[in-house]
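Engineer: need a structure here:
(chains A and B)
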Amino acid sequence: MPLIPGIFNFMIRKISYITIILLISFCTCLTQAQQPSVYQVTRMSFNTGAFSEISPVIVKDGIVFCSDRRFSGIKDRTSFDGRRLYNIWSAVRKDTLKWEQPEMLKSERSTLFNNGPLCFAPDGKTVYFTSEIETGKAARKKNFRNHSGIFIAELKGTDLVSLHPFKYNNPQYEVGQPSVSKDGKYLFFTSDMPGGQGRSDLYYCENINGEWSSPVNLGPEVNSPQVDNYPNMHPSGKLYFSSNRPGGPGRLDVYYTMLSYGKWDSPVLMPEPINSPSDDFAFVADENLQTGYFSSNRRFNDDIYRFASTIIRKASCDTLVENNYCYEMIEENAVKFDTLPFRYEWKFGDGEKGIGASVIHCYSGAGSYLVQLDVVNLITKEILYNEKTYNLEISNVEQPYISCPDEGTAGQNIRFSAESTNLPGWKIARYYWNFGDETIEIGKEVDKTYIKPGTYNVQLIVSTEPEPGGIIREACVSKNIMIIR
Amino acid sequence: MKVNKTINLIVIFTVLLSGLQTRSSLLGQPVPGKEENIPFLVTFGKSGETSWGDDDFYEVFFFTIPVDFKQQFYIRVFDPDTGGEHDEIQGEFNTRSLFSVYGGRGVDPDKNEESRGLMDGGNYKRGNLLASNVFGGEARYDNKYYTFGPFNPTEGDFNTKWNAYIFKIVCEGISGDDGNLYRYFLSRDRDNNIPVEGGNAFTYEYTFRMWNDFKSVAHIYPYIDTGIVWVKQRNFDWDSDGHILVVSEYKQGVEAPISAEDNWIEDKMSIERAEWGASLDFQFHKKQGAPSDLVKNNNVVVTLENQRGDALKFFSSPIGGVPVYQAKIRVTPVNPKK
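Structural biologist: You can find the predicted model right below:
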């Protein structure tokens, strides 16, 4: 499948717009009746009615996206085969609702080729964008198809300068839709190069000493025999992408996967209304996964939609600290010598005993323990009772506490408990569980069944009743749980 | 100004020394000291065998009289004769011992190494002879005190570090082969044992008699001066009779090797910085066993030197008091084993 948006649209859309709209309305009504969504979706105000807007990228002041909208008042620029050119546009947010008029980011390729989708490198200046490798003029033949590749440029103001091609561009196949990881170490992209799982697949290259390694196919765990495209490596470690594989509401749908212990998890389908029976693709989200954008042609043509999660997920959430009841007890002067004619006998204060100048003991829980050291002089047989005592106070970490197994199996009912939460002085009014798969529960003890294998980051957010002055205190801990088949 | 400064320094030293020696003032100056729990010093007649527990047939002890003590004092010797009670007979008593007291220049072992009595052929009798007496088997001294003195403190050799006058007493087995067992007492009174406040006694080579029972533990207290990194302990003719445990505030009882019949053994032991300025406690535990296993009349010799080869002083009243081991517990959380 071609990766330039204009060509892509041409290939995919064959059903009449009226049919699509009717179908969307019907399905949406059905879905909404069955289950309230955890996402609220709104169409962006800067979308045009007649043109397409796709592939948003979140930047500091707003978004950068692709559109085939007119950029010249005199003449529409078209590709060699007569279709309007996609270019890269920047939209600056005025406030929470309004946006400035989008402005085009120009380059030497703007008037000749399709440009976009794109991504930014971690430096915020280097832009990786899709464009066409070959010139239309040189190849105006009947069956000729311009193939896309990735180009690298530097953004200066609203200009893309110092353009150079990605080393793995190839006129024989498509390479495009780049996404660079937050650490700049991996470049994900889409390609239909030979050797894939079928049609277009997701690939990545690793940056080794400033050079991109050979492309690696993400494999059958992620790629399907159908179209897999629009990768977006989110800072959370989730790799979002689109696919028209069976199992979704229809056509292109948004999925995500994560690396667990060196292997990609089975892709998880994003819920409606992110996905719809129409094409839903190019999903991007803020660091907290609370808001973001995606493209969809659910309304008429390709538009950019904003989503906001109604699920609470904290960007800053402490990792659960396991309470530790194990202690090493050392008679510090004694351990300096290899052999001493003494036997060190410890009474740990919980009825247990140990022998040695250095011992390790694990208590069953928090508490106050009086550790006593008796020393037996092996020469005189004299016993020095309580030669030293130590008051050991063991307290639980002050935090919300997640009690659950570290591992489970898909389909298994798993109990999550906040019973061991230790927040002295807090009158906790709500225990809110975010299971990391876009589902939530409320309660001190809840049950959860994961459908798919993977590693899920569970957050427990506790909040108090309003305190004097109306203050509500809140604390969050998180823990990973691995679900296997 | 300079005089004032000197006076101030003297006052500070005096206060420090009297602080260090508070315990010894209360306990008096018996030699061996009360805390040492040693029954007798022992010196054999020079015709004796070294395998009987005396390597050189003389014993040198030093007394310190603090500079602020202005009265006359006496050195009393208990059971100076060789015969009757206490002493160790070899065949029949035929031993004569010379006790001599020295003061003045040449006595202070910090200034005159020969005075310590450790050097072969060295003149350990340096100083002014203040008094001396030869004792044979006279019954009138048996199990009784003989008193040397009176002496004026200023007759001693002044030591600035200790801010005290140093006197020396030497017991020498000038003939015979028996063991003379005796004790000293530094006294303010000719006929009674009345301590000299702040006084002390020390030696560099301790030759003493062990107890003839299993339970009694003898102690000696070498002083660990600043800068000592390790000490070399040497002991002689222990007859493999038990264990030596070294105790300090930081050592609960580090075992030191012991010698066999008529031989020396030596061993190094590291010293921690925290042990500086205090005493070690060398404990001498006899080997436990059946009554028939008891080694009787065991006489031993002990010396210590630091890494520079300087001999260490054994104080009869330990400087800083008797060291008591302080156990130190550290409790740290560790990850549980999975």
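Engineer: where does the prediction get shaky in the chain?
Structural biologist: Going with chain A. Filtered on pLDDT under 70, chain A yields the residue ranges A:1-37, A:72-82, A:135-144.
Engineer: right idea, wrong chain: chain B
Structural biologist: Applying pLDDT under 70 to chain B flags residues B:1-28, B:337-338.
Engineer: next, the contact list for the residue of it found nearest chain A, please.
Structural biologist: When distances are taken as C-beta to the nearest C-beta, chain B reaches nearest to chain A at residue B:327, 3.9 Å away. (Glycine included, C-beta is placed from N, CA and C.) With contact taken as C-beta atoms under 8 Å, 6 or more residues apart in numbering or on different chains, residue B:327 is in contact with A:331, A:333-334, A:373, A:375, A:387-388, B:252.
Engineer: and the helices in the stretch 1-150 of chain A?
Structural biologist: Shown for the stretch 1-150 of chain A, the helices assigned by DSSP state H, counting those that start in this stretch span residues A:5-12, A:17-34.
Engineer: before we move on, what about the stretch 151-300 of chain B?
Structural biologist: Counting by DSSP H, counting those that start in this stretch, the stretch 151-300 of chain B has no helices to list.
Engineer: what does it put close to chain A?
Structural biologist: For the stretch 151-300 of chain B, the residues in contact with chain A (C-beta under 8 Å from any C-beta of the partner chain) are B:217, B:242-243, B:245, B:250-255, B:285, B:288.
Engineer: what's the PyMOL syntax to select whichever of these are buried?
Structural biologist: The PyMOL command for the buried members of those (criterion: 16 or more other C-beta atoms under 10 Å in any protein chain shown) is given here:
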select buried, chain B and resi 217+242+243+245+250+251+252+253+254+255+285
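Engineer: may I see the residues of the stretch 151-300 of chain B next to chain A organised as TSV, with distance to residue A:350 added?
Structural biologist: Putting these into TSV (distance: C-beta to C-beta, whole Å) gives the following:
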residue	distance to residue A:350
B:217	36
B:242	39
B:243	36
B:245	33
B:250	30
B:251	31
B:252	26
B:253	29
B:254	32
B:255	34
B:285	36
B:288	36
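Engineer: in strands only, show me the residues of the stretch 151-300 of chain B next to chain A.
Structural biologist: For these, membership in strands holds for B:243, B:245, B:254-255, B:285, with DSSP state E as the criterion.
Engineer: and the two most separated of those?
Structural biologist: B:254 and B:285 (13.1 Å; C-beta to C-beta).
Engineer: pretty sure residue A:296 sits against residue A:303.
Structural biologist: Yes - the pair residue A:296 / residue A:303 is scored as a contact, 6.5 Å apart, by C-beta atoms under 8 Å.
Engineer: of these two, who's got more company?
Structural biologist: Neighbour totals were compared for residue A:296 and residue A:303, and residue A:296 leads with 27 against 22 (other C-beta atoms under 10 Å in any protein chain shown).
Engineer: chain neighbours aside, what residue packs nearest to that one?
Structural biologist: Excluding its sequence neighbours, the residue lying closest to residue A:296 (C-beta to C-beta, 6 or more residues apart in numbering or on different chains) is residue A:280, at 4.6 Å.
Engineer: now do residue A:293
Structural biologist: The spatially closest residue to residue A:293, leaving aside those adjacent along the chain, is residue A:56, at 3.9 Å (C-beta to C-beta, 6+ apart).
Engineer: quick check: neighbours of the longest strand anywhere in chain B in the sheet, parallel or antiparallel?
Structural biologist: For chain B, the strand that runs over the most residues, judged by DSSP E, is strand B:164-175. With DSSP bridges as the test, strand B:164-175 is paired with strand B:58-66 (antiparallel), strand B:96-103 (antiparallel), strand B:157-159 (antiparallel).
Engineer: with mean neighbour count added, can I get those in TSV?
Structural biologist: What follows is these, written out as TSV (neighbours: other C-beta atoms under 10 Å in any protein chain shown):
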stretch	mean neighbour count
strand B:58-66	25
strand B:96-103	22
strand B:157-159	20
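Engineer: on that earlier part again, and of the ones in strands among the residues of the stretch 151-300 of chain B next to chain A, the nearest to residue A:49?
Structural biologist: Using C-beta to C-beta as the measure, the one of these that approaches residue A:49 most closely is residue B:254, at 92.3 Å.
Engineer: what's the local residue count around the closest residue to the closest one other than its chain neighbours?
Structural biologist: With C-beta to C-beta, 6+ apart as the measure, residue B:246 is the residue that lies nearest to residue B:254, at 4.7 Å, once sequence neighbours are left out. Residues lying near residue B:246 (other C-beta under 10 Å) number 20.
Engineer: repeat for residue A:388
Structural biologist: When neighbours are defined as other C-beta under 10 Å, residue A:388 has 16 of them.
Engineer: hmm, what's the outermost residue in chain A?
Structural biologist: Taking C-alpha atoms, centre = their mean, the residue of chain A most remote from its mean C-alpha position is residue A:380, at 68.0 Å.
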